[in-house]
Every structure is written in structure tokens, then in C-alpha cells.
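> no FASTA, just this:
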């Protein structure tokens, strides 16, 4: 379907046929949801073995009674899980509760209000605070900034990560920029894995940025590979050590999409200075995390290669869903310019770009036909996609058959919206 060379008569014929197909779909009364990147029930079942795994023994291998208060850092063995996921020394890791988003919000709040390096380093001391946000990106990162009144500046994502020439220019010119969001492996939603050069350049930002600048390195999908030979992400900690900028990066991860989404363990990895500054305020918020749940995870992943084997089971469940999406997109748009997409080798999302000006219309049409998608614009700060083109597809929760059905609807919506746009001129 090439719209540019189509006659008015051909466009009218396509519109008529696609409209009939669309109305037939609406009549089915579908109720499918591809809005959030949540694990499916099938994936969650993989971790049911954690139930009762402690068998009444609540003492960690390091001798901690996990039923009691205390231990802001979390138990050592849980921190070791985080160290393995993030590829850092265990001494650099704090293990918290079930949500890395909670840790990120806490770190942002502390840096903003109290400072990670004493009160003089608090961002709120300055009139304006800005954050760099690669786009398209993760909506909850933007929500944290909005909640704290932090202004967001967008830079485009490339196939290697954020457009670093622009990032470096902005930071060199504006000392009010205090941080940058990054999802470095299988970036949400594009699936991009940052190149070694990009990682090195991000580590070097600490040399040109304000002293209280921090990169928030949200490595949510660090072990969520779908390929047998996944792309390798360079170590941001090693790059920072080489650049002498260890204090400029805070790393985050969790088991929320590894074990139970609502009962996982979150991790923060940072320099000793950052951890000290973080815990100074954290101690006023909590007397310690849920160490019993941390211990459950320690027992669940006690065997050698247990985490790797577990993630291979996740991949076996997710891959057919991703394949369904990609097959439909390739079949419908592989030989035309009605849409572009990223073919991710891991993570939870597939990013699709319509022709400019159509994303909101496609999402609305799909919703009216019973297929809920992430709101158009959600992958940009303030919900404002200037091209109105990006749509995030989250295929993990529905069954493979439901993903197939949803993608059939999606394809018809994109085609019909595109044809109507061409007719309108």
C-alpha cells in the first residue's frame, strides 16, 4: 500500500474496504489490553516456588535474623543478587523493597531537597532544576520529574543510545541541568542497547557537568534477553572509574519482572559517597527493608546459574509474543512507509512510529475497537510527542492468540488512519 503514488480513486477504494473491516472488528466487542509492560500470569507462575521456601528459617547465611528491624543496606546475600544483575561489587549495592521506582524517587527527592553530598549540593538551592530525557522514553521517569517540579529537556534516541553530541552541548552550556535519565539496555520503548562509546561518553559527563549532576541509570532489563547471543552492555561503573567520575552515576535494577512484580527486590548501586548521602536521609524514612522477602529470593536463586536459567524460561514465554507483533508489522508495513518500528532483542516493549500526526488517532481507533494501547504521547515528557507518531506496544500480558488478534486490529487502524490522512491531503 503506497499512498504517495495512489490515485484519489484508489485511496477511496482502500478507505471503503478498510472502514468495512474496521467496523466488523468493532462489532466483535473485543477487550484486549496492551498498555503496560507487566509480566504475564504465566511468567509470574515461574516464581511460585518462593512460597514457603524458607521453611521457618528466617536467618540469613550471614547470620541476620530477617524478621527484625534494621539493615538499611539489605542483607548481604540479596545485595549479591543485585551485584550480579548490575555487574558491580556487592559493596556498592543497596537492596531495598519491591520497587526500583521507589528507590529512584527516593534518590531524586533526597538529591533535590537534601543533597547527596551535603545540604549545599541540594538541587533545590538553585532557582531552576532541569533533567535530560532521551525520547521516546519511560513515562514514569517523567512523572517523577513532574512531581518534584523538575523541568525536562528532550534529546533524541539513536540506534546507539541518546544523541550524545546534543547531551554534551546542553550540559556544557547549562549548569542548571542536574541529571539525565537512562534505560541503557533494551531501552523503554525502543529496545536500544547503548553502545560502548555512548556508555563511555555518559561516564565522562561528570567532567563537564555541575558537581551535583547525577545520571539515573535505570537498568531495568539488564538480564531480560530474548536472543541466545544478546548484545552486551558496557559497565558504566568501570567507565566512571576510568574517567574519575564515580559519583556521577546512580544505578538501579530490580527483580520485579524476574520473580513477582509486586513482591520483588529493588537495588541501587552507587559510589560509597552517594550511598552514604542517600542512607543519611533514608534512615529517616525507614528502619529497614523487607529482609524476609530478600531472603526468599536468596534461597530461590541459591543454585549456580539459577538466575540465568530462570530468565531463559521468561524468554521462552515472551519470545512468541514479540514474534507475533513483529510478524504482523513486517507483513503489513515491510514494503511501505506507513510505519517504522524497532526489532528489540529483549526487554518488554516494541516501539512503533506512524506517519506524523496519526498516533493519537490510531490509539483512539484501536481503543474504540476494544484494543487498549499506551496513550499516545506517553513516551515523551508532559505527554507531548511533537510529531504525534510514537506508539509503545506492550505484548507480554495477553496470550499469543490475543496478541495476534490485537495486532490484526492495530494494523487495520494504522492503515485506515493513514489512508484517511492521505485523502484529507
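The structure has been received and is ready for your questions. As the structure is a prediction and not an experimental result, all values here were calculated from the model. Residues are numbered from 1 along each chain as shown.

> from now on I want contacts and neighbour counts done on CA atoms only, so please keep to that.
Will do.

> all helices for the chain, in order.
Along the chain, counting by DSSP state H, helices occupy 8-26, 41-45, 76-86, 100-113, 139-148, 164-173, 196-203, 205-208, 236-243, 272-285, 291-300, 306-333, 359-368, 400-424.

> residue 151 versus the nearest residue to residue 26 once chain neighbours are set aside, what's the distance?
By the measure of CA to CA, 6 or more residues apart in numbering, the closest residue to residue 26 outside its immediate chain neighbours is residue 369, 4.4 Å from it. Distance of residue 369 to residue 151, given as CA to CA, to the nearest Å: 36 Å.

> which one of these two is surrounded by more residues?
residue 369 (24 against 17; other CA atoms under 10 Å).

> which ones are touching the most centrally placed residue in the chain?
For the chain, residue 188 is the residue whose C-alpha lies nearest the centre (CA atoms, centre = their mean; 4.0 Å). Going by CA atoms under 8 Å, 6 or more residues apart in numbering, residue 188 touches 136-138, 347-349.

> so can I have TSV of the residues you listed showing neighbour count?
Formatted as TSV, those follow (neighbours: other CA atoms under 10 Å):
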residue	neighbour count
136	24
137	25
138	21
347	27
348	28
349	25
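
> from those residues, which is closest to residue 102?
The closest of those to residue 102 turns out to be residue 138 (CA to CA; 14.9 Å).

> so the closest one touches residue 189, yeah?
Yes. Contact criterion CA atoms under 8 Å: residue 138 and residue 189 qualify, at 7.0 Å.

> how about the helices of the chain in TSV, adding mean neighbour count and distance to residue 257?
Below are the helices of the chain laid out as TSV (neighbours: other CA atoms under 10 Å; distance: least, CA to CA, whole Å):
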stretch	mean neighbour count	distance to residue 257
helix 8-26	15	33
helix 41-45	16	8
helix 76-86	23	13
helix 100-113	21	11
helix 139-148	16	16
helix 164-173	16	29
helix 196-203	20	24
helix 205-208	19	30
helix 236-243	19	22
helix 272-285	16	25
helix 291-300	22	13
helix 306-333	17	9
helix 359-368	21	26
helix 400-424	20	19
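
> right, and those - which one's nearest residue 221?
Short answer: helix 76-86, nearest of the helices of the chain by CA to CA, at 9.4 Å.

> relative orientation of the closest one and helix 236-243 in degrees?
80 degrees (axes from the mean of the first three to the mean of the last three CA atoms, to 10 degrees).

> skip the chain neighbours and tell me the closest residue to residue 372.
Spatial nearest neighbour of residue 372, chain neighbours left out: residue 33 (4.7 Å); criterion: CA to CA, 6+ apart.
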